[in-house]
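Trainee: Build me a model:
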Amino acid sequence: MRMTSPETVATTIAARFSNPRVVVSGNHSTPWVVLSAIEDQVPAFRLWALNAQEGMPDRDGIVLETCFVGPGMRGSNRLRYVPCRLSLVPVLFRTTLVPDVVVVHTSRVVGGQLSLGTEVNVLPAALEQCRAHGGILVAQVNPQMPYTFGDGELSAETFDHVVEVDEPLLNVSSIPIDDVSRSIGERVARLVPDGATIQMGIGAVPNASLLGVVSRRGLRIWSEMFSDGVLALDERGALDPVDPLVASFVFGSQRLYDWVDRNQRIRLLRTETTNDPSRIAAQPQMVSVNAALQVDLFGQANASRIDSRIYSGFGGQTDFVVGALHSPGGQALIAMRSWQPKADASTIVAMVDEPVTSFQHSAVLTEHGVASIWGYSQREQAHNLIEQAAHPDVRDELWEEAVALGLT
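Mentor: Prediction:
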């Protein structure tokens, strides 16, 4: 471990590599100080980040790489999207996307140890493969980054360079819960029994769903991520007091970060574990709740593309849908609005015209009802989607499409 400046890190990278692949912490853990120096001093590089946030470098000489597109890369002409289940991204780091440099945002060093904090995810695999191939490992240490337990605990000696900063993390403000989100969340909550294991993302619908289950008892968390909604479950006594809360990353408010800091009940594990369908299937009564941009009458979900342009990617949806369906008493739910205001279009369509992200869910939920999918014939699936989930204004049109598709 060597304490150094971000400028020294950048010049070292520029001197050693021509067009290196630089992997950085994603989501809301981006190591902005070191990344800014690399942008300034490394003429050409490939920048890989998961769910990159706004402000990512985007200039001539930089190729943006990811397996899950965030707002910081979405729409860029320099984007190179690599389709991949999140659970398999570590395999890419061993094969076609070997990192030359990995820069992570960590907690301060305590007793020779530091933590990847709020973002574990695919980073342990990236660090291991970078080291195995003789790359450079950089830690941007920050006393304001929480120390979390699990697979993100590392020896400070793991890193070639350590850059000290002291800056607040990006806080995600609470997302307002409107009437439509509340209605969908209530429908999700009715399907969650006592003792269930929950996976949910971030947004108004997941927050409303979690608020709806605060009266449950013995709930477990096994998720790709969690945010502030889990705090309400903890405060109301809904969570199993013994079982650890498992995820691979978190983001939310400062209150959430203070709560996860050195919290022994929380385990942030590497993606290969949290998103392994067999590990998900082993969780009792696994309830997986995911979103989609479109669901068609065959029960196929598009959660990745809009107008043939990549919007996000597979993420962990495919991992959790498969795992939840194999869990004893498990459910794989798609929860979404029946109408997309920005596109002014129905989210229930005759057939998705984009690549399919996932299929064979347990049910699709909107503010209009719950359309059961699993165990029903394709005609029954189409009927349930039209009558229980679709917006009333498009039901007649969908019935006409169903006739043309042989679904009546």
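Trainee: Just the pLDDT for Met1.
Mentor: Met1 carries a pLDDT score of 66 in this model.
Trainee: What segments of the stretch 301-408 of the chain are strands?
Mentor: Per DSSP state E, counting those that start in this stretch, the stretch 301-408 of the chain carries strands over the ranges 301-302, 305-306, 309-310, 331-335, 339-340, 345-346, 348-349, 363-366, 369-372.
Trainee: dump the residue contacts of Leu219.
Mentor: Taking Cβ atoms under 8 Å, 6 or more residues apart in numbering, we find Leu219 in contact with 192, 194-198, 213, 233, 238-240. Where C-beta positions appear, they are placed from N, C-alpha and C, glycine not excepted.
Trainee: Could you point out the helix or strand that follows the lowest-mean-pLDDT helix or strand in the chain?
Mentor: In the chain, no helix or strand scores lower on mean pLDDT, DSSP states H and E than helix 204-211, which sits at a mean of 87. Using DSSP states H and E, the helix or strand that follows helix 204-211 in sequence is strand 220-221.
Trainee: Off-centre distance for that following strand?
Mentor: A distance of 17 Å separates the centroid of the chain from that of strand 220-221, by Cα atoms, centre = their mean, to the nearest Å.
Trainee: can you check stretch 164-181 too?
Mentor: The gap between where stretch 164-181 is centred and where its chain is centred comes out at 15 Å by Cα atoms, centre = their mean.
Trainee: Which positions within it qualify as buried?
Mentor: Buried residues in stretch 164-181, defined by neighbour count with 16 or more other Cβ atoms under 10 Å: 164-165, 169, 172, 175, 177, 180-181.
Trainee: got it, and stretch 247-265?
Mentor: When neighbours are counted by 16+ other Cβ under 10 Å, the buried residues of stretch 247-265 are found to be 247-253, 256-257, 259-261, 263, 265.
Trainee: which helices and strands sit right next to the least confident helix or strand of the chain?
Mentor: In this structure, helix 204-211 makes packing contacts with helix 179-190, helix 229-235, strand 286-290, strand 331-335, judged by 3 or more Cβ pairs under 8 Å, 6 or more residues apart in numbering; DSSP states H and E.
Trainee: Compare those and report which one is nearest to Thr106.
Mentor: For the helices and strands packed on helix 204-211, distance to Thr106 was read as Cβ to Cβ. The smallest value, 22.7 Å, belongs to helix 229-235.
Trainee: Quick check: phi and psi on Thr106?
Mentor: Here is the backbone geometry of Thr106 (degrees, to the nearest 10): phi -130, psi 170.
Trainee: can I assume it is in contact with Gln144?
Mentor: No - counting by Cβ atoms under 8 Å, Thr106 does not reach Gln144; the two are 11.1 Å apart.
Trainee: of these two, who's got more company?
Mentor: Thr106 (27 against 15; other Cβ atoms under 10 Å).
Trainee: Bridge partners for that one, pull those for me.
Mentor: Val141 (DSSP bridges).
Trainee: That one and Ser338, how far apart?
Mentor: Distance of Thr106 to Ser338, given as Cβ to Cβ, to the nearest Å: 43 Å.
Trainee: Next: Thr4.
Mentor: From Thr4 to Ser338 the distance is 54 Å (Cβ to Cβ).
Trainee: More neighbours: the two, which one.
Mentor: Under the neighbour definition other Cβ under 10 Å, Thr4 and Ser338 were set side by side, and Ser338 has more, 22 against 15.
Trainee: Which pLDDT value does the model give that one?
Mentor: What the model reports for Ser338 is a pLDDT of 97.
Trainee: Dihedrals phi and psi, it?
Mentor: Taking degrees, to the nearest 10, you get phi -80, psi -20 for the backbone angles of Ser338.
Trainee: wait, isn't it in contact with Glu367?
Mentor: Yes - shown here, Ser338 and Glu367 form a contact pair, counting by Cβ under 8 Å, at 6.1 Å.
Trainee: What segments of the stretch 301-408 of the chain are helices?
Mentor: When secondary structure is read from DSSP state H, counting those that start in this stretch, the stretch 301-408 of the chain shows helices at 317-326, 378-384, 395-404.
Trainee: returning to what we had before: can I get the contacts of Leu219 in CSV with neighbour count?
Mentor: Formatted as CSV, the entries for the contacts of Leu219 read as follows, by neighbours: other Cβ atoms under 10 Å:
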residue, neighbour count
Val192, 23
Asp194, 12
Gly195, 14
Ala196, 21
Thr197, 26
Ile198, 29
Val213, 25
Leu233, 20
Ala238, 20
Leu239, 21
Asp240, 15
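Trainee: Among those residues, which are located in helices?
Mentor: Using DSSP state H, Leu233 are the members of the contacts of Leu219 that sit in helices.
Trainee: would you turn the contacts of Leu219 into JSON lines with pLDDT and distance to Gly150?
Mentor: JSON lines is the format used below for the contacts of Leu219 (pLDDT from 0 to 100; distance: Cβ to Cβ, whole Å):
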{"residue": "Val192", "pLDDT": "97", "distance to Gly150": "25"}
{"residue": "Asp194", "pLDDT": "97", "distance to Gly150": "27"}
{"residue": "Gly195", "pLDDT": "97", "distance to Gly150": "23"}
{"residue": "Ala196", "pLDDT": "98", "distance to Gly150": "22"}
{"residue": "Thr197", "pLDDT": "98", "distance to Gly150": "17"}
{"residue": "Ile198", "pLDDT": "97", "distance to Gly150": "18"}
{"residue": "Val213", "pLDDT": "94", "distance to Gly150": "25"}
{"residue": "Leu233", "pLDDT": "94", "distance to Gly150": "20"}
{"residue": "Ala238", "pLDDT": "96", "distance to Gly150": "22"}
{"residue": "Leu239", "pLDDT": "97", "distance to Gly150": "17"}
{"residue": "Asp240", "pLDDT": "97", "distance to Gly150": "18"}
